[in-house]
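Colleague: Sequence and predicted structure below; questions after.
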Amino acid sequence: MRPGRYDTHDIKRTAAGKIGKAKRPRNIVNKPNVFFRHQGPTPDIVRRPRGKGKSIEVLYQLVLLARIPKRLRFYEDAAKVVQRRMVPNFKKSFERAVRTARR
């Protein structure tokens, strides 16, 4: 596994290797015996297991948000296409509408 991801061995994965929706941090933190532990440089989400003598399990280690730069310009390209094609298409459609309109 790559470093910097939120992942531990105490979270069971699906057969495809994904983390199920019920086991994601936002959903698991609302369960009993699960809480945040602010110890060290990054906070952890930990679970206190049932039974005596068992130590807490670290479910997730939270890391800082990764900033991913934009590489693809979907909105800018779409705006250019709309600007280039809108006027001719509108003229053509409007002329057809006027020609076929009932008076």
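Modeller: Now that the structure is in, tell me what you want to look at.
Colleague: only C-alpha atoms for contact and neighbour calcs from this point on.
Modeller: Noted.
Colleague: Next one, pLDDT for Glu95 please.
Modeller: As predicted, Glu95 sits at a pLDDT of 94.
Colleague: ok now the strand or helix carrying it, how far from the chain's centre?
Modeller: Secondary structure from DSSP states H and E places Glu95 in helix 74-100. Centroid displacement of helix 74-100 relative to its chain, using Cα atoms, centre = their mean, to the nearest Å, is 34 Å.
Colleague: could you pull out the helices for this protein?
Modeller: 25-28, 74-100 (DSSP state H).
Colleague: Tell me where this structure is predicted with low confidence.
Modeller: 1-8 (pLDDT under 70).
Colleague: so can I have JSON lines of the helices of the chain showing mean neighbour count and distance to Thr42?
Modeller: Below are those laid out as JSON lines (neighbours: other Cα atoms under 10 Å; distance: least, Cα to Cα, whole Å):
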{"stretch": "helix 25-28", "mean neighbour count": "13", "distance to Thr42": "15"}
{"stretch": "helix 74-100", "mean neighbour count": "11", "distance to Thr42": "35"}
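Colleague: Adding distance to Thr14, write those helices out as a markdown table.
Modeller: Listed next are the helices of the chain as a markdown table, based on distance: least, Cα to Cα, whole Å:
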| stretch | distance to Thr14 |
| --- | --- |
| helix 25-28 | 16 |
| helix 74-100 | 33 |
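Colleague: Specify the stretch among those that is closest to Leu59.
Modeller: Comparison of those against Leu59 by Cα to Cα identifies helix 25-28 as nearest, at 8.5 Å.
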